[in-house]
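# dropping the sequence and predicted coords here.
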Amino acid sequence: MPKGAVNDFHALIVPVDHKQQGALVDRKLAPEIDDIKTKLRLHARQVLQKDLFVFERSIQTKGGYHTHVQCIPVDAGSGPSIQSKMLEMAVYAGFQLKEITSDLGLGALVDDFSGGYFYAEIPLPGGGHDFRRFIYHAGEGGNEKVNSGTVPLQFGREVLAAVMENPDIGQWKACVMSQEKESDLTIAFRKSLASV
């Protein structure tokens, strides 16, 4: 569970090694991360009756690269609203997300993600394991006027904040809870996840 979780079942997948290329393009890590996402999707659908919004922002910050894959249960059927708002906010921020129509993993699509990327999986209506994938590849050629911005640090959370009309969840610091409560929620989450 991340510090400043959006909800009680917000999961953060953090590889032991933080690599510059990002977790989802690492050909060694990607299969294991996909297995974890599959289990979290199943948990969201079967136990919580929710869908799962997944994103990773792998773009260098002042502190270096932070390889985190965010997995957040969202209201069932909210995928189209998340997609619409995410695409709108990306344009406003000055970058363009492209839909990935191939079922290949990210590492097989592009050889060089050294500029970084923002990746999202938007749940399709009906739930289950169906989702749309979007990517912004920083440093990729194309229309520089459209891709002149950068992905805000909290972009995925800010999208959810706009969709859920709850500005507080846009910034993790506004969601920080006591260590005791965080520990209790983590224990409850583990028990709940073990039921799948």
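Nice, thanks for sending it over.

# what about the helices in this protein?
Per DSSP state H, the chain carries helices over the ranges 30-46, 79-93, 106-109, 155-164, 179-194.

# highest average neighbour count across the ones you listed?
Mean neighbours per residue, mean count of other CB atoms under 10 Å, is largest over those for helix 155-164, with a mean of 22. In this view, the C-beta of every residue, glycine as well, is placed from N, C-alpha and C.

# what is that one packed up against?
Applying 3 or more CB pairs under 8 Å, 6 or more residues apart in numbering; DSSP states H and E, one finds that helix 155-164 contacts strand 50-58, strand 69-75, helix 79-93, strand 117-123.

# quick one: closest of the ones you listed to residue 1.
Residue 1 lies closest to strand 69-75 among the helices and strands packed on helix 155-164, at 10.6 Å (CB to CB).

# who's in contact with that closest one?
Defining contact as CB atoms under 8 Å, 6 or more residues apart in numbering, one finds that strand 69-75 is touched by 2, 6-7, 9-14, 23-24, 33, 36-37, 40, 44, 48, 50-56, 82, 123, 156-157, 160, 163.

# which non-adjacent residue is nearest the residue nearest to the spatial centre of the chain?
Centroid-nearest residue in the chain: residue 55, 1.5 Å away (criterion: CA atoms, centre = their mean). Take residue 55 and drop its neighbours on the chain: the residue closest to it by CB to CB, 6 or more residues apart in numbering is residue 156, 3.9 Å away.

# what's the neighbour count on residue 100?
By other CB atoms under 10 Å, 17 other residues sit near residue 100.

# what's residue 49 in contact with, if anything?
residue 76.

# let me know the pLDDT of it.
pLDDT, residue 49: 95.

# measure it to residue 74 for me?
Counting by CB to CB, to the nearest Å, the separation of residue 49 from residue 74 is 11 Å.

# so in this structure, where's the weakest helix or strand by average pLDDT?
helix 106-109 (a mean of 77; mean pLDDT, DSSP states H and E).

# and for that one, what are the contacting residues?
Helix 106-109 has contacts (CB under 8 Å, 6+ apart) with 22, 24, 25, 26, 27, 30, 100, 102, 113, 117, 119, 135.

# now tabulate the residues you listed in CSV and tack on distance to residue 78.
Formatted as CSV, those follow (distance: CB to CB, whole Å):
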residue, distance to residue 78
22, 26
24, 22
25, 27
26, 29
27, 32
30, 26
100, 20
102, 25
113, 28
117, 24
119, 19
135, 21
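
# the nearest residue to residue 48 once chain neighbours are set aside - how many residues pack around it?
Distances taken as CB to CB, 6+ apart place residue 73 nearest to residue 48, at 5.3 Å, with adjacent residues excluded. Residue 73 has 24 neighbours, counted by other CB under 10 Å.
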